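Engineer: Quick check, what structure comes out for this input:
(chains A and B)
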Amino acid sequence: MEYNLDQFGMSKEELFAPVDHNDLESEKITAPRYSYWHSVFRVFFKKKINIFILALLGVIVLLAYLYPLFVDYDRYMNVLDASTKHLTPAKAIERFGFSIHWIMGTGGAGQSTWDSIWYGSRISISLAFVCALINMTIGVLFGAIWGFSKKVDVVMIEIYNIVANVPYLLVISVMVMIFSASFWTLVFAMTVTGWLAIAYFMRTQVLIIRDREYNLASKCLGTSSFKIAMKNILPFLTSIIMTVVATEIPSYISYEVFLSYIGMGMSDASLGRLIFEAESAMLTPGWQFEFWCPVAVASIITVVLYVAGQNLGDASDPRTHM
Amino acid sequence: MTKYLLKRLLHGVISIIFVVAIVMLLIYSLMDRDKIFSSDSAYSHQKNNAKIAYMYQKWEEYGYLDYVPYSDYMKSLMKSGDIDEATYKESVKLGKTAKQDKKIAKENAAKFKKYYESKGYTVERVDAITQRNRIADGGASLLFAYKNTPVTTRLFRYLTGIFKFDSVNTIEDIEGKRGLTFTWKDPAYGGDKFAPALMGNGTNHKYLIYVDNKFPFVHQNMLSLNLGLSYTVNQGVEITTTMTQSQGMTKSVMTTYPTGLQEESADDLHSAVYSAGSLVDNPINEARFTDNYTRVQLRRGGKSKLGYSFIIGIFDVIFAYLIGLPLGVLMARKKDKFIDKLGTVYIMFIIAIPSLAYIFLFKAIGGSLFHLPTQFDTKDEIWPMYILPIISLCLPAIAGLMKWMRRFMIDQMSADYVKFARSGGLSEKEIFSKHIMKNAAVPMCHDIPASVLGALTGAIITERVYGVPGVGDVLTQAIGKYDNGVIVGVTLFYAVLSVLALVLGDTLMSVVDPRISFSTKDR
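Structural biologist: Okay, the predicted model is just below:
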């Protein structure tokens, strides 16, 4: 049947017109765009405290990594001048005149406590990040495979039971004895068995979600185990991984402090070593300030890193994105 | 269940052996063996060649190698009758260098070399060190053979030597008749008090079983644990003794010696050990003892390393569970309220801040605000000195327990049975105390044996900060002084505790919760 379109008295624009079929267009989803990381940061910054924590973290990183580049710090600058040793901030400012170097007083060699703390922080923070990076990468990847493959599990659980019983302290100290007590020795010592604990934790997490229906379906469709572990399971665990990172990084700083305190740390002037060296000042009345400063800075750094990581972990859980 | 437990224990034993093997491999093959002398004062006093001889002697004593000096070889030849005494005396005199040896010495030295080299030993000759044409102090020339002991042999020797059984044939040369004697009246108490004791002749210990007034009242010396010998941490003393020996002042009481002599003395006759040739020509021993069992330990006051650590540790565990669990429950009940947030902040601080920082903080606060003793004093023990170490261990433990108790409670709160109980009209209080808590407490039980046994391992930082002479410092001290025997022994001790803790934890869980069963039959 033929219609004359003119008889309706409509303009061309108002009329239906045939549209070309376009495969590409038909695949488009018109729902609002969802980006995972975008949502993570939206949730993260919704909490005002996180902005504060992040700002604090920024200040710490700047002080630890940029500040030492601009000051000329020499530990033994005042070593011959007995009147510069163990000064409280007030006395140090009186002695040297006001400058940022002296706001935390001076140490046993007449050095500026403030400068030595940030030099030490750089070493400690670097150590924590390097160790966390290595341990997390190996631990998470291996843990995913470990949890997924029953054959690997049988072998690894035995290895874990054995290695977990070798005191961590012993492994580290033997490494320090064999090699020198340098930064990379400590990194090696802390990572050589350190990843196993993380891998074991990941294994347990993977076991929990391994046999869920979507993985079963994926398996039926012929996806390889490796791909299931990497693509189906790991993304599911992002928030758990973030939470582990949040506890791991400060724990390396704490561990470094602990090792230095018992005299097994590295020879570089890290935060732990500063605390170790200032411990004797603890016993002399009036000198305690020297000890508390590095302790307080170490505590602030670890708390900030921990809170930032925890909150990022919370934010990276998709269930909080509603 | 029993079968399962036995299997688990067997598994544990195997993994302990592996742990010891790994540790031995680490310290005996990777570490320079010269380092064991670094804190030995006797070593630094040795001079010239005597130093070398001393090193080899010590290495043999601590199982690194087999060491045979030339003179020992010659002595054994003389004992077996191959050579007479004159030849022996003539041939052990070595010249300043091998060329200057007299003829007979040269022959015997060559024989020595041939004999030991054929057995796979390395024979070494060290020339004399002279000073102004005279032999310097400790500079006499040396001739000896040695053979390194491989780690596998060491491991085997160590593991087979852990349990030492004291039998009547332990001592080779013994006076009198070998055998055991049982008495109802222990002569160490004067001979008229009722105290059963089993004594031996030919055994290493004189008293095999005896009774005294110390816990557990009946003691035995038949089976002893030999975890190895300490080198520098506690010179020449076994590790088990180092850890269990009281460390206080000696305590004298009226003692009746075997000869009948009565005297105020700290000698603990029950610890008498055979010591060859110690009686004859020794007036002090002759007045007191009737046989060669003369080496006694001194009675001491105070507690052992293990004792101090355990007291602090066990109170820490008790308080932590008494305070931590209820707080965790409270946090879960008031979820997202002020008290929960406060608890979370506390947990966060404990986890994030280095433990060193808050231990020193507790020490400073406790010392200046509450005037508690901040240093341990073993000579003058008062109970307040235990308070700060216990608090320092307790507060972090509480945080851990709070965290997990809250977690488990919250996980249970959304379970179906809780909704069902609520719809059944139970009050919130009843649901919490009767349903949720029971289920949440099951995983918490798993850690109780680990915490109790963990009290035996001590705490490194706390003990250092407060000067507690506990067991926590033994490993770090041993590592610092390169005392390898102690490192291996302490590691074995830790490994046994942790394996035991795991098995006990699983058992406790299955006892508390009948739904958990490990035997396949019950399923």
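
Engineer: Where does A:Tyr76 sit: helix, strand or coil?
Structural biologist: Of the three states, A:Tyr76 takes coil under DSSP: H, G, I helix; E, B strand; the rest coil.

Engineer: which residues sit in contact with it?
Structural biologist: Each residue near A:Tyr76 by C-beta atoms under 8 Å, 6 or more residues apart in numbering or on different chains is listed here: A:109, A:111. Bear in mind the C-beta positions are built from the backbone N, C-alpha and C, glycine included.

Engineer: Check B:Glu61 too.
Structural biologist: For B:Glu61, the contact set (C-beta under 8 Å, 6+ apart) comprises B:Leu229.

Engineer: State the distance from it to chain A.
Structural biologist: Separation of B:Glu61 from chain A (C-beta to the nearest C-beta, to the nearest Å): 21 Å.

Engineer: do B:Asp32 as well
Structural biologist: Shown here: B:Asp32 relative to chain A, a distance of 8 Å by C-beta to the nearest C-beta.

Engineer: B:Leu155 too?
Structural biologist: Here B:Leu155 is placed at a distance of 14 Å from chain A (C-beta to the nearest C-beta).

Engineer: In terms of pLDDT, where does that residue sit?
Structural biologist: If you check B:Leu155, the pLDDT there is 89.

Engineer: these two touch, right, A:Pro89 and A:Phe289?
Structural biologist: Yes. Using C-beta atoms under 8 Å, A:Pro89 is in contact with A:Phe289, at 7.4 Å.

Engineer: so what sits against both of these two?
Structural biologist: Joint contacts of A:Pro89 and A:Phe289 (C-beta under 8 Å, 6+ apart) are A:104-105.

Engineer: Up against chain B, what does the stretch 201-322 of chain A have?
Structural biologist: A:247, A:250, A:253-254, A:257-258, A:261-264, A:275, A:282, A:288, A:291, A:295-296, A:298-299, A:302-303, A:305-307, A:310 (C-beta under 8 Å from any C-beta of the partner chain).

Engineer: residues from chain B in reach of chain A?
Structural biologist: Close to chain A, as judged by C-beta under 8 Å from any C-beta, chain B has residues B:11, B:15-16, B:18-19, B:22-23, B:26-27, B:30-31, B:35, B:348-349, B:351-357, B:360, B:364, B:460-461, B:464, B:475-476, B:479-480, B:482, B:487, B:491, B:494-495, B:498-499.

Engineer: Please, a PyMOL command that selects the buried ones among the residues you listed?
Structural biologist: Here is the PyMOL selection string for the buried members of the residues of chain B next to chain A, based on 16 or more other C-beta atoms under 10 Å in any protein chain shown:
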select buried, chain B and resi 15+16+18+19+22+23+26+27+31+348+349+351+352+353+354+355+356+357+360+460+461+464+475+476+479+480+482+487+491+494+495+498+499
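
Engineer: buried sites along stretch B:32-44?
Structural biologist: Residues B:33, B:36-37, B:39-40, B:43 are the ones in stretch B:32-44 that count as buried (16+ other C-beta under 10 Å).

Engineer: meant to ask about stretch A:137-150, not that
Structural biologist: For stretch A:137-150, the neighbour count (16+ other C-beta under 10 Å) marks A:138-149 as buried.

Engineer: Which of the residues you listed fall in helices?
Structural biologist: A:138-148 (DSSP state H).

Engineer: Nothing else from me, thank you.
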